[in-house]
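# only the shape, not the letters, is given here:
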């Protein structure tokens, strides 16, 4: 008997819970919060040097300037001078040495931002410049590493390489990426009694900010409460990089006894914060004439910047995705964590996975080119075995995890057929043979992305659910909303559990006072973990309600049902609100916490082995591009995507993540170029110089579908799969399609680095002997 | 003279006085009015998160709704106009969503929501104007709004759905009527001035008033659209003691035939000039479409783009190739000079301190062989690495004159005289273009910066001449455009295959 159902149930395309507020401008972000008139602003004084010793600081003129209330240096920090997430190596304000251009040296606390800006130029700081290491090449030459290089190994790679029928080697350089969340870093601190501090932060990790603020102020964690209602985008850039603005706001608020906020201007945000790591990957591959890969050696060098930040885990994830979807029996991945005098690079959607994946996709592509095979055939020949044929070592990753859920054999042929890949590739190659100045290319690339934090203890989450006596529900959990729809999905889960309309579930701001000791909302795990914790909390309350109602109505607890907004107990049928009121009058606790720890996972960091991932998410994309050999200009002409989200909790939100991830990934690999000069100054520090995709850059033909047979083999929340990060890597098909277009220039393999800007494509085409004017020396 | 600025904000009259002349609309909205729906994403007019809609009467009496980046709009520029922010859209006491908002919700077009008010306002402007929402126009309408979350597809779908909506709801009809009434009520012809005693913004209404203001404060900054001067304030933290605005001066906003030229006045925006400039010059139209964004074109002016002397402004090389002239007005007399002579060196133009750019003069004669090629990292809304603009006249199979101008290749927009010499008198043959391209090394020693390396600039400049040669000599040259690939024998249907999906 089908009931009336509930609105906003799981598996429905319920709109984002804040959609109405987004479109009407009433969604409140940190800088929109109504604050008292005496709220102060914090402006950071930055280092102009990549590496220098501070010999003298004179901030007296700054302090005396109109509107300036205080000027803070490291000496004003009562507790620890550290804003790092893990390693204790990020000073809040520099002490003796500065390690990148942009590093925070002092903080101006002023009545207004205009006053603070006017005062900024009055600082007198003397520096004694020191030698700076800026690039991966320089760091590798100088052996400038943050720690020992790591090695992951499976099989006997040296022997297998030596005995392989065919060999290739090469290098690819992969550029970094600025997050360019539309809302810059922002934090507001409000001092309270007993030295307490309440902060409102645009942060993926309120708990970490709580702990860092407490440590900086020298108070217990209980004295600090951090709240995050929403972020205006984050993408990993607010996992650890929100610490500094929050700490400075708290310091200013403590120092002056007034509320204080730090809101980064866009240029400051670029200069201060870390980005996606740029990588240099060297490879050596052994294969046979069928295109089967026997062995690969990878040497990954990543530019971490001046401190660790999250680079250790990012490097590990890059190593864990050096195989992508391919079962390569013998493999060694060496990872060098380069220390440079630049921004400390940080988490960014994919967390090293994308760079690792680009490495192996380049290898496969080059092998296919060498053999004259369609790269899709080579890809398919090397896929991990399908989930129904996995056994023994056959499907084990280089880090030892058995791949038990591979469905690429279902996804890829379906996508290739729907996108008419084979015929289009033939037509494109015929088009290119006619030899015009514009060439086209097409590529199909797969994604297999591991879900869970590599660091096992982070895989825990909590939730808090209250049911009020009128039947309305207050939902809180440890995850943060950055636009990904986490709050919507978790509210759908709770509405489903109680079988009430979505509108009865109140989504509330993430708050360290409600759910403690949370992990960052990251690693795509937000819904998996917080959804499960919220479900547990709701089930605890339901169980208490069942017990009480069973007794009241003289039936078995198990027979009490929640459906379609109603509760049935024995012969009685009542509304959910009536049932709740009955329980309240019967003195039943209607509040519960829920907790979840991801099962089955473990990771041995020292040996780079274990089962770091609960499961894998899969997908594939076919992209067609065109490029003008004379200029290097390029366009995506069409993209087709088939992506696996398990059983979707919300198809609209999932499609949104897939499309947005693809376009963001395409930007990373094409137009988004970070340029530092030889003094270590970032020259692309605003949207005028750093070009994220604009409206016209999305594929004009964009066919995106969810893999409808998807179902997580693990016991995840309603059999869904994480979707935040994996789709970004679908955009590797853009790079491979551009490479395909360039293959037509001379037949040689293009060895195209990223980002594939017009300049890089044009000069690559020229190197390959493509058309154009040969210039003398002038 | 009035010492206050009067305008309409969300259909209420606002009077502002005693503020610094360089106060931006966004800061005023967010800090003074506590209208925080308009967001700051970049502070330089590139991201569109602060987009508001400014309604103005056109010279023909009609109303036009301009999307404007509030972050670089000085508040004095609003005299007499009507500003609608995201807070002003919803109708009625029950706050029912405006159709421009409803379509965004219906299409799941917001994720983090921070860019969303700006997108809604860009849609609102297009919808009010009744243009810019046809499928082929949406990318251009939205080029000035960056979204980092969605990948744009749902936003474009929302925009397309808006096009077919019925007549505006009653509350919107009422809103427009009230807006027009209030604007009529505050209209006047006096000069207005906003000042806090340190920094002033003066908006004269007549040429005489403009000249007098300028004579009174010869060090004043002349502002037109503030799409550059705005950044001096927001990005360089410069304090401009006095600004004088061209935007209110009668006659400054006209494009008129003047003998053999089109005369483009100092306050004519790119948007207003486009119809004239683009007529018969499709390449100029396409570059202008990619130039800035809808917001920037609605505020920025043709004369301002020239007067600021940027080496990479896109209009100057195109106008130089078209043999445009510039008119400078000073206290003694007006003078005219070829546009290329105006640019002396980086940051230096042939303009005396007491002169201002009073017009750009574009020959009305057609230039069938005019072509322009804009090279930038991103197709839309990006500053060029190189812009090549070429124009030839041909007679009897020979090239009789050549104007080859480049942006991004030198400290100023500059003609490639060595290459022009090679072409002039040559037979119309690809080899002539190849020789001219090779001669560019004598014309230019470009720099390496964040937009491009010197090597690429020179290579692509030369290749553009080759491309031009292929075009002029009759080879079919497929071109990449904002919409994809054209002229390659492909149609959209060839690529489309399966129907576009996306919405679940």
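Arrived safely. Here the structure is a predicted model, which is why all the values come from computation and not from measurement. Residues are numbered from 1 along each chain as shown, chains lettered A, B, ... in the order given.

# can you tell me the centre-most residue of chain A?
The residue lying closest to the centre of chain A (CA atoms, centre = their mean) is residue A:349, at 2.2 Å.

# tell me the confidence at that one?
With respect to pLDDT, residue A:349 scores 98.

# show the contacting residues for the closest residue to chain A within chain B.
Nearest residue of chain B to chain A (CB to the nearest CB) works out as residue B:37 at 2.2 Å. The C-beta positions use only the backbone N, C-alpha and C, and glycine is treated the same way. The contact partners of residue B:37, by CB atoms under 8 Å, 6 or more residues apart in numbering or on different chains, come to A:24-26, B:85-87, B:117.

# so where do the helices sit in the stretch 51-200 of chain B?
For the stretch 51-200 of chain B, the helices defined by DSSP state H, counting those that start in this stretch occupy B:99-106, B:116-129, B:138-141, B:153-163, B:170-186.

# where in chain A is pLDDT low?
Judged by pLDDT under 70, chain A has its weakly predicted residues at A:1-2, A:390-394, A:777-778.

# ok so, going back, excluding chain neighbours, give the residue nearest to the residue of chain B closest to chain A in space.
Distances taken as CB to CB, 6 or more residues apart in numbering or on different chains put residue A:25 closest to residue B:37, at 2.2 Å, once the chain neighbours are dropped.

# now do the contacts for the one you found.
Contacts of residue A:25 (CB under 8 Å, 6+ apart): B:35-38, B:85-87, B:117.

# any idea how many residues pack against residue 131?
Going with chain A. When neighbours are counted by other CB atoms under 10 Å in any protein chain shown, residue A:131 registers 9.

# switch to chain B, that's the one I care about
11.

# can you give me phi and psi for it?
Dihedral angles phi and psi of residue B:131 (degrees, to the nearest 10) take the values phi -150, psi 170.

# what sits against it?
So residue B:131 contacts residue B:137 (CB under 8 Å, 6+ apart).

# look up how far residue B:142 lies from it.
With distances taken as CB to CB, to the nearest Å, residue B:131 is found 14 Å from residue B:142.

# chain B versus residue A:383, what's the distance?
As defined by CB to the nearest CB, to the nearest Å, residue A:383 lies at a distance of 24 Å from chain B.

# could I get the contacting residues of that residue?
Contacts for residue A:383 (CB under 8 Å, 6+ apart) come out as A:325-327, A:406, A:408-409, A:412, A:446.

# what of residue B:191?
Counting by CB under 8 Å, 6+ apart, residue B:191 has contacts B:1-2, B:202-205, B:209, B:213, B:248.

# ok so, going back, what's the closest of the contacts of residue A:25 to residue B:420?
residue B:38 (48.0 Å; CB to CB).

# what sits against the closest residue to the closest one other than its chain neighbours?
Distance criterion CB to CB, 6+ apart; nearest residue to residue B:38, sequence neighbours excluded, is residue B:50 at 4.8 Å. Going by CB under 8 Å, 6+ apart, residue B:50 touches B:26, B:38-41, B:69-71, B:118.

# as a markdown table, these with neighbour count and pLDDT would be great.
Shown next, in a markdown table, are the contacts of residue B:50 (neighbours: other CB atoms under 10 Å in any protein chain shown; pLDDT from 0 to 100):
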| residue | neighbour count | pLDDT |
| --- | --- | --- |
| B:26 | 24 | 98 |
| B:38 | 24 | 98 |
| B:39 | 29 | 98 |
| B:40 | 25 | 98 |
| B:41 | 27 | 98 |
| B:69 | 34 | 98 |
| B:70 | 29 | 98 |
| B:71 | 30 | 98 |
| B:118 | 31 | 98 |
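
# how close does residue B:266 sit to residue B:227?
14 Å.

# I misspoke; the intended subject was residue A:602.
With CB to CB as the criterion, residue A:602 and residue B:227 are 57 Å apart.

# next: residue B:73.
9 Å.

# these two: who's more crowded?
Neighbours were tallied for residue B:73 and for residue B:227 using other CB under 10 Å; the higher tally belongs to residue B:227 (28 against 25).

# which residue does chain A have closest to chain B?
Taking CB to the nearest CB, chain A has residue A:25 as its residue nearest chain B, at 2.2 Å.
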